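Visitor: Return atomic coordinates for the entry below.
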Amino acid sequence: MKEKLGKVAITDWALFLLLAVLGYMYIPEIDVESITFTPFEAVGLFGLAICIAAFKIKNDFYLRLCTVVGCSILLVYYAILNVPLAIFGNAAIIYLNVKRLEVMYNNRRLHANMRKLKKYAKEGKIRKITIDAGEPKNDE
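Guide: Numbering: from 1, shown residues only. Prediction:
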């Protein structure tokens with residue numbers, strides 16, 4: 001019954017759509033007839049869809065990348081609408097995820113260098129692997 005559409009279950013999307021429809025039906029303040037759908041709003045909905053899709057991603061790198069892309073689109077959308085709180089929130093999310101992506105990149109590079117050193121040690125090109133922990137030196 002639970003067929004897969006990529007890595008996202010169709011039943012999850014159907015449940016999300018059902019909740020969205022029920023929300024529009026049962027919130028009395030929203031006049032459904034007055035809702036317009038312009039290309040500008042499509043950009044905002046596209047950014048929101050990317051951010052929502054990020055919740056279904058299990059890989060940490062792609063999750064953060066998807067969040068950065070979606071929040072960047074929403075940042076531009078809210079900047080045009082001039083909504084300062086949304087601009088600040090999306091900018092903060094983008095900053096935190098970019099910093100984490102930077103840490104992930106540096107860790108990946110560090111591990112690649114360690115693999116090279118271990119390979120050279122096995123081949124006999126170097127005798128010993130030592131890691132300088134950055135201890136302060138005495139100049140006495």
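Visitor: Just name whatever secondary elements the lengthiest helix in the chain is in contact with.
Guide: The helix spanning the most residues in the chain, taking DSSP state H as the definition, is helix 84-123. For helix 84-123, the elements it packs on are helix 60-81, judged by 3 or more C-beta pairs under 8 Å, 6 or more residues apart in numbering; DSSP states H and E. Every C-beta, even on glycine, is put in place using the N, C-alpha and C of the backbone.
Visitor: mind listing what's buried in the helix it packs on?
Guide: Residues 63-75, 77-78 are the ones in helix 60-81 that count as buried (16 or more other C-beta atoms under 10 Å).
Visitor: counting contacts, what elements does it pack onto?
Guide: Here helix 60-81 touches helix 39-54, helix 84-123, going by 3+ C-beta pairs under 8 Å, 6+ apart.
Visitor: what does the first one rub up against?
Guide: In other words, helix 39-54. With C-beta atoms under 8 Å, 6 or more residues apart in numbering as the test, helix 39-54 has contacts from 8, 16, 63, 66-67, 69-74, 76-77, 80.
Visitor: Export the helices and strands packed on helix 60-81 to a markdown table and append columns for distance to A20 and mean pLDDT.
Guide: Formatted as a markdown table, these follow (distance: least, C-beta to C-beta, whole Å; pLDDT from 0 to 100):
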| stretch | distance to A20 | mean pLDDT |
| --- | --- | --- |
| helix 39-54 | 10 | 88 |
| helix 84-123 | 19 | 87 |
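Visitor: Just name the most buried of those helices.
Guide: Neighbour counts (mean count of other C-beta atoms under 10 Å) averaged over each of the helices and strands packed on helix 60-81 peak at helix 39-54, with a mean of 15.
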